[in-house]
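K.L.:
would you be able to build a 3D model of this:
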Amino acid sequence: MAGKDFYETLGIGKSASQDEIKKAYRKLAIKYHPDKNPGDKEAEEKFKEISAAFEILKDEEKRQKYDQFGHEAFQGGGGFSRGVDPFDLFKDVFGGGGGGGGGFGSIFDDFFGGSSSGGSGEGSRGSDLRVSVSITLEQAAKGVEKEIKYHHHGECASCEGSGASSGSGKVMCSTCGGIGQVASNQGFISIRRTCPSCSGTGVMIEKPCQKCSGEGRVRKQGKVKVKVPPGVGHANRLCSRGRGDAGTRGGPSGDLYVDVHIEEHALFERDDDDLFHDAQIPFALAALGGTIEVPTLEGKVSLKIPAGTQSNKTFRLKNNGMPNLRYSSRKGDLYIKIFIEVPTKLTKEQKDILIKFADSCGEGNFSEDAGFLSKAKKFFEND
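P.N.:
Below is the predicted model:
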């Protein structure tokens, strides 16, 4: 456990805020808590790893030492070696019973629609939202900033998200006694559910805000600027933290997920970081060789066509593809596939020239894989 990166354990980046660290811990702690995974030693070990990482990163002083010296900063007294119980840490965060072998309230509420922070007095987290944005291939290659408009539940300006009218306070919920949960008996089994009166917060508002009816949020149109990085792919998803629905009664906001749609291009097809383009050239140019101009995302470039180029021949232009999303210094390639144009409308003079040309050609004038002349002669000889 000591060798695992704490940020990687929580699934966050090194620049994560304290709010993001806490959110990551809450999600993983519920998933791997021993009460939810009875008898699963692997889940129990994972729960301890998550708790050890959170215990360090939630403290800015310890986090700074970890960022500077890594695990060595806590050897001989760091992490849980000082007696910090992961179940006590869980209880501190969730405000309920979190000890191993007990603590069913905050864990098993997930199965029965409960709140993981019952009785804490806090509102619930807002929902995550999904929107989509369309960009061109050129924008995907260079990166672009897009302004997105969307509808969401935003914080009520009248009560500043509290859900209470001005001057109104909060009182303990009389239904659950401030616990945030109510028990119902089904035979010999007692099941705890979220309190329907206070939605698990344990408190009630004396005078709800008239504008939001005590919810602390109202329907709004929002807009956000999203930076689409160079090299983004079709169906890649970006995340704007805290831009989803506002939480109820001051709870944290959800996130906004942006699905990227890349429009079809008239000239290029894409496969990961590589681009593909079909180029048509005249028969004479294919036979005699020459130079053509081909398009790239940066403009036109010259491509040398060797004499005797066959149809379906593919040329590779290095570093003329898309930038790599993870490594901006890397780029894919551009592949040019050649197709030879055959004239369909010929004058008599042109036909005569081609007939003379065909009569003058022998097998030595063609590549080994062409074989057309010999096949044609055999066909006519057998006719």
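K.L.:
N37 reaches E45, doesn't it?
P.N.:
No. Using C-beta atoms under 8 Å, N37 makes no contact with E45, being 10.7 Å away. Where you see a C-beta, it was placed from the backbone N, CA and C, and this is true even at glycine.
K.L.:
ok, the closest residue to K220 other than its chain neighbours to V203 distance?
P.N.:
Excluding the flanking residues, the one nearest K220 by C-beta to C-beta, 6 or more residues apart in numbering is G154, at 3.7 Å. To V203, G154 is 23 Å away according to C-beta to C-beta, to the nearest Å.
K.L.:
which one's more surrounded, the two?
P.N.:
V203 (21 against 17; other C-beta atoms under 10 Å).
K.L.:
rewinding a little: so is the residue nearest to K220 in a helix, a strand, or just coil?
P.N.:
Counting by DSSP: H, G, I helix; E, B strand; the rest coil, the backbone at G154 sits in strand.
K.L.:
what bridges to it?
P.N.:
V218 (DSSP bridges).
K.L.:
which parts of the stretch 151-300 of the chain are helices?
P.N.:
Using DSSP state H, counting those that start in this stretch, the helices of the stretch 151-300 of the chain run over residues 283-288.
K.L.:
so where do the strands sit in it?
P.N.:
Ranges of strands within the stretch 151-300 of the chain are 170-172, 181-186, 189-194, 203-205, 217-228, 237-240, 256-262, 269-271, 274-282, 290-296, 299-305, based on DSSP state E, counting those that start in this stretch.
K.L.:
show me what the longest one is packed up against.
P.N.:
Meaning strand 217-228. Using 3 or more C-beta pairs under 8 Å, 6 or more residues apart in numbering; DSSP states H and E as the contact test, the elements touching strand 217-228 are strand 129-135, strand 144-155, strand 237-240, strand 256-262.
K.L.:
what's the longest one packed up against?
P.N.:
This points to strand 144-155. So strand 144-155, by 3+ C-beta pairs under 8 Å, 6+ apart, packs with strand 129-135, strand 217-228, strand 256-262.
K.L.:
just those: most buried one?
P.N.:
Ranked by mean neighbour count, the helices and strands packed on strand 144-155 are led by strand 256-262 with a mean of 18 (mean count of other C-beta atoms under 10 Å).
K.L.:
hmm, who's touching it?
P.N.:
By C-beta atoms under 8 Å, 6 or more residues apart in numbering, the surrounding residues in contact with strand 256-262 are 128-137, 140, 148, 150, 152, 224, 226, 228, 232-240, 243-244, 270.
K.L.:
about what we covered before: and the strands of the stretch 151-300 of the chain: which comes nearest K351?
P.N.:
Between K351 and those, the shortest separation by C-beta to C-beta is 16.6 Å, and it involves strand 274-282.
K.L.:
ok, back up a step: who are the contact partners of the residue nearest to K220?
P.N.:
By C-beta under 8 Å, 6+ apart, the contact list for G154 reads R217, V218, R219, K220, G222, A246.
K.L.:
quick check, R193 in contact with I179.
P.N.:
No. Counting by C-beta under 8 Å, R193 does not reach I179; the two are 11.3 Å apart.
K.L.:
who's more crowded, those two?
P.N.:
I179 (19 against 16).
K.L.:
distance of that one from T194?
P.N.:
10 Å.
K.L.:
flag the shaky bits of the chain, pLDDT-wise.
P.N.:
1-3, 75-84, 95-123, 185-190, 362-383 (pLDDT under 70).
K.L.:
let me see the domain layout of it.
P.N.:
6-113, 129-169+206-262, 268-341, 350-381 (the TED database).
K.L.:
chain neighbours aside, what residue packs nearest to P306?
P.N.:
Per C-beta to C-beta, 6+ apart, closest to P306 is G289, 5.4 Å.
K.L.:
do you know how far the one you found is from K223?
P.N.:
G289 is 56 Å from K223, where distance means C-beta to C-beta.
K.L.:
again, but for V232
P.N.:
Look at V232 and K223: by C-beta to C-beta, they are 20 Å apart.
K.L.:
what of G39?
P.N.:
Using C-beta to C-beta, G39 is found at 50 Å from K223.
K.L.:
now I50
P.N.:
With C-beta to C-beta as the criterion, I50 and K223 are 36 Å apart.
K.L.:
for I355, same thing?
P.N.:
From I355 to K223 the distance is 69 Å (C-beta to C-beta).
K.L.:
kindly report the same for V203.
P.N.:
Relative to K223, and taking C-beta to C-beta, V203 is found at 34 Å.
K.L.:
so which of N37 and E45 has more stuff around it?
P.N.:
Legend: neighbour count by other C-beta under 10 Å for N37 and E45, higher for N37 (16 against 13).
K.L.:
confirm the more buried one sits in a helix?
P.N.:
No. N37 is assigned coil when assessed by three-state DSSP, not a helix.
K.L.:
helix, strand or coil for the residue lying closest to it once chain neighbours are set aside?
P.N.:
Nearest in space to N37, with sequence neighbours left out and distances taken as C-beta to C-beta, 6+ apart, is A43 at 3.7 Å. Assigned with three-state DSSP, A43 falls in the helix class.
K.L.:
with that, I have no additional questions.
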